[in-house]
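Enquirer: Return atomic coordinates for the entry below.
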Amino acid sequence: MSDNRLEQYRAAGLRAAAYTIGFQQPDGGYIWEGFPPDAFHKQSYSWGVAGHAMEANRLLDWVQRERLLPDGQLRDYNGDMYKHAWLLQGAQRLGRFDVAYPMTNFIASCQAPCGGFPHMAGGDTCRALAGCQVGLAMLYMGRMDVAKLAAAWTIELLDQPDDDHFYFCTTLEGELIQNNSLAIDVAKPEQVYWEMGLPLMLMCRMHMATGDEHYLDYAREFFAWHLRCAADRFTFTGSGKSGLGAALLYMLTGDPQARAAAYEFGDKLLATQEADGVWHSPNWPAGQVLYLVDAGAEFNVWLQEIAAALAAGEARWG
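Expert: Coordinates of the predicted model:
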């Protein structure tokens with residue numbers, strides 16, 4: 001049953017990728033009239049893991065030619081660390097060093113004194129979303145110096161003042177910002193679970209990169225925070241990063257709760273995908289292609305990566 005489900009995950013992801021490729025422009029780019037100029041960052045990663053390396057390379061040719069600035073940042077992205085890190089991972093996985101290396105230098109230069117990263121370059125607040133995504137990207141680039149500092153900052157987020165809220169932002173010096181608008185309320189559904197999911201992913205990947213057991217211990221702590229959250233913690237629209245984090249934790253430890261959490265997210269995507277490969281959410285404006293292609297790209301990544309991690313875990317732990 002599990003093997004068949006994993007094949008279903010992969011097939012669902014491929015349908016989503018095919019839908020998003022349909023919007024690639026004749027010049028290889030991903031901007032057209034009325035579409036935002038900063039919404040192509042997930043596509044090269046997504047198309048690469050879906051086996052569409054030709055389309056992904058055409059897109060990266062366009063990025064290198066039209067969007068990559070001399071200092072290594074992307075034009076019209078306004079220094080968005082999270083989005084830069086997405087595109088960097090996709091470029092590096094495809095061996096596009098002409099894009100990946102300049103971007104790495106720019107991103108690394110934005111690291112705050114505490115080791116975290118602001119969401120936007122030059123910002124005064126570090127955030128889990130940005131810091132952990134950059135940490136993952138730096139692992140792809142072999143920049144362990146940057147990744148270890150980002151991981152150390154992430155670990156400090158576990159020092160929370162209570163069990164009811166998970167605060168995910170700090171000052172540039174690392175002081176936790178106790179503002180409920182910058183927190184996950186564990187008693188409420190539809191929270192920004194990715195602010196826990198990315199830390200979980202980073203801890204698992206740091207263990208894989210270093211062999212250090214303490215990263216696994218911290219991964220377990222971030223997963224424990226997930227388990228305190230509302231019932232939709234692994235089925236909400238924004239739970240994909242948590243689903244992959246759980247799949248990695250299962251692969252590394254055999255934790256049955258992590259296995260169940262990863263399958264829970266994958267099954268949710270299978271149950272809600274539409275015939276043309278897209279997903280809709282009542283939280284998204286109706287009829288906007290941006291949400292369809294963005295979700296299609298990201299959900300394909302999670303489906304492919306979750307299937308791979310679960311398959312590895314099943315082989316290890318049975």
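
Enquirer: rest of the way, CA atoms for contacts and neighbours
Expert: Noted.

Enquirer: Kindly provide the distance from the nearest residue to residue 164 once chain neighbours are set aside to residue 56.
Expert: Excluding the flanking residues, the one nearest residue 164 by CA to CA, 6 or more residues apart in numbering is residue 186, at 5.6 Å. According to CA to CA, to the nearest Å, residue 186 and residue 56 sit 38 Å apart.

Enquirer: For the two, work out which one has more neighbours and name it.
Expert: Per other CA atoms under 10 Å, whichever of residue 186 and residue 56 has more neighbours is residue 56, with 26 against 21.

Enquirer: Assign the more buried one to helix, strand or coil.
Expert: What DSSP: H, G, I helix; E, B strand; the rest coil gives for residue 56 is helix.

Enquirer: residues touching it, list them.
Expert: Shown in contact with residue 56 (CA atoms under 8 Å, 6 or more residues apart in numbering): 43, 44, 45, 47, 48.

Enquirer: To what extent is residue 272 buried, counted in neighbours?
Expert: 13.

Enquirer: now residue 256
Expert: With other CA under 10 Å as criterion, residue 256 counts 13.

Enquirer: Residue 281: what's its closest spatial neighbour, skipping adjacent residues?
Expert: Spatially, and ignoring its direct neighbours in sequence, residue 281 is nearest to residue 237 (7.4 Å; CA to CA, 6+ apart).

Enquirer: circling back: now the contacts of residue 56 as JSON lines including distance to residue 36 and neighbour count?
Expert: Formatted as JSON lines, the contacts of residue 56 follow (distance: CA to CA, whole Å; neighbours: other CA atoms under 10 Å):
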{"residue": "43", "distance to residue 36": "14", "neighbour count": "28"}
{"residue": "44", "distance to residue 36": "17", "neighbour count": "29"}
{"residue": "45", "distance to residue 36": "19", "neighbour count": "25"}
{"residue": "47", "distance to residue 36": "20", "neighbour count": "27"}
{"residue": "48", "distance to residue 36": "22", "neighbour count": "20"}
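
Enquirer: Please narrow those to those residing in helices.
Expert: Cross-referencing these against helices under DSSP state H gives 43, 44, 45, 47, 48.

Enquirer: State whether the first one and residue 296 are indeed in contact, as I suppose.
Expert: The reference is to residue 43. No - with contact defined as CA atoms under 8 Å, residue 43 does not count as touching residue 296 (9.2 Å).

Enquirer: Find the residues that touch each one of the two.
Expert: If you check residue 43 and residue 296 against CA under 8 Å, 6+ apart, the residues they both contact are residue 20.

Enquirer: Please state the offset of stretch 62-73 from the chain centre?
Expert: Taking CA atoms, centre = their mean, to the nearest Å, one finds the center of stretch 62-73 at 22 Å from the center of the full chain.

Enquirer: what is the mean pLDDT for it?
Expert: Mean per-residue pLDDT for stretch 62-73: 98.

Enquirer: Stretch 84-101 too?
Expert: 98.

Enquirer: From the rest of the structure, what touches it?
Expert: Under CA under 8 Å, 6+ apart, the answer for stretch 84-101 is 41-46, 48, 53, 57, 60, 63-64, 68, 73-74, 77, 103-104, 107, 133-134, 137, 140-141.

Enquirer: Low-confidence regions, the chain specifically.
Expert: 1-2, 287 (pLDDT under 70).

Enquirer: Tell me which residue is most central in the protein.
Expert: Nearest to the mean C-alpha position of the chain, counting by CA atoms, centre = their mean, stands residue 241 at 5.5 Å.

Enquirer: Distance from the one helix or strand that residue maps to to the middle of the chain?
Expert: In the assignment (DSSP states H and E), residue 241 maps to helix 240-253. Centroid separation for helix 240-253 versus its chain: 12 Å, with CA atoms, centre = their mean.

Enquirer: what's it packed up against?
Expert: When contacts are defined as 3 or more CA pairs under 8 Å, 6 or more residues apart in numbering; DSSP states H and E, helix 240-253 sits against helix 194-210, helix 213-228, helix 256-272, helix 289-317.

Enquirer: Just put these in TSV and tack on distance to residue 16.
Expert: As requested, the helices and strands packed on helix 240-253 are exported to TSV (distance: least, CA to CA, whole Å):
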stretch	distance to residue 16
helix 194-210	21
helix 213-228	27
helix 256-272	11
helix 289-317	5
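
Enquirer: Which one of the ones you listed lies nearest to residue 155?
Expert: helix 213-228 (7.0 Å; CA to CA).

Enquirer: Show me how far the closest one is from its chain's centre.
Expert: Its chain's C-alpha centre and that of helix 213-228 lie 17 Å apart, by CA atoms, centre = their mean.
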